[in-house]
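# The following comprises the amino acid sequence and a computationally predicted model.
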Amino acid sequence: VAMKLQGPALQALGLSEALDLRSADAAPGFSDTLYPRFGASYALSEAFELRGGYVYRPTMVPNQRYETNYLDSNSHIISVGVGWSFSDPTEIFSNPLRLDAAFQLTHLNDRRVEKAAPTNPVGNYEFGGDIFNVSAGFRYQF
């Protein structure tokens, strides 16, 4: 972030550089991660399909011992879904309509952060938890 204030009034008062601001943000230190994804689908019939998947996602965020506080931890992600194709009941469309629904759970492993300086204003903390996602889609393929 950089801010430079200019103008004749600031110049006349000798404050042309006194109110300038430049922040030196710490580099986050993120690391590249590689993780596999596993998924499968099974057609129970021509119209009905079940899906599922799993991902283990290691965090890219290093231990936050110093001035930054990026919250991320290793995650287990599980998803399930269904798809259903059916004929248009109004007979407007000739191709089948498709309804898809999915549920996803992301479990963030508990992670404790102990700051290097005991005087750090944020202090030590612990975080983790679960994130739930639900989605639905309606599709017509021309």
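Noted; the coordinates are in hand.
# For the protein, just list every one of the strands.
Here the chain has its strands, by DSSP state E, at 2-3, 21-22, 37-43, 48-57, 75-86, 97-113, 125-140.
# so which of those strands gets nearest residue 65?
Of all the strands of the chain, strand 97-113 sits nearest to residue 65, with 7.2 Å by CB to CB. The way it works is simple: take the backbone N, C-alpha and C, and place the C-beta from them, glycine included.
# Run the angle between the closest one and strand 75-86 for me.
Angle, strand 97-113 to strand 75-86, by axes from the mean of the first three to the mean of the last three CA atoms, to 10 degrees: 170 degrees.
# What strands flank strand 97-113, and is each parallel or antiparallel?
Sheet partners assigned to strand 97-113 using DSSP bridges are listed as strand 75-86 (antiparallel), strand 125-140 (antiparallel).
# before we move on, back to that, looking at the strands of the chain, which is closest to residue 64?
strand 97-113 (4.9 Å).
# Could I get the buried residue list for that closest one?
97, 98, 100, 102, 104, 106, 108, 111, 113 (16 or more other CB atoms under 10 Å).
# How about stretch 62-71?
If you call a residue buried by 16+ other CB under 10 Å, then stretch 62-71 has these buried ones: residue 64.
# May I have the distance across it, first residue to last?
Its first and final residues considered, stretch 62-71 spans 10 Å by CA to CA, to the nearest Å.
# Equivalent analysis for stretch 82-95, please.
End-to-end distance of stretch 82-95: 19 Å, with CA to CA as the criterion.
# Quickly list what the residue nearest to residue 40 when sequence neighbours are not counted is bridged to.
For residue 40, ignoring the flanking residues on the chain, the nearest one in space by CB to CB, 6 or more residues apart in numbering is residue 52 at 5.8 Å. Judged by DSSP bridges, the bridge partners of residue 52 are residue 40, residue 80.
# any idea how far residue 26 is from residue 52?
Distance of residue 52 to residue 26, given as CB to CB, to the nearest Å: 40 Å.
# okay if I get the strands of the chain as JSON lines plus distance to residue 69 and mean pLDDT?
Formatted as JSON lines, these follow (distance: least, CB to CB, whole Å; pLDDT from 0 to 100):
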{"stretch": "strand 2-3", "distance to residue 69": "23", "mean pLDDT": "78"}
{"stretch": "strand 21-22", "distance to residue 69": "22", "mean pLDDT": "78"}
{"stretch": "strand 37-43", "distance to residue 69": "29", "mean pLDDT": "97"}
{"stretch": "strand 48-57", "distance to residue 69": "20", "mean pLDDT": "97"}
{"stretch": "strand 75-86", "distance to residue 69": "18", "mean pLDDT": "97"}
{"stretch": "strand 97-113", "distance to residue 69": "8", "mean pLDDT": "97"}
{"stretch": "strand 125-140", "distance to residue 69": "8", "mean pLDDT": "96"}
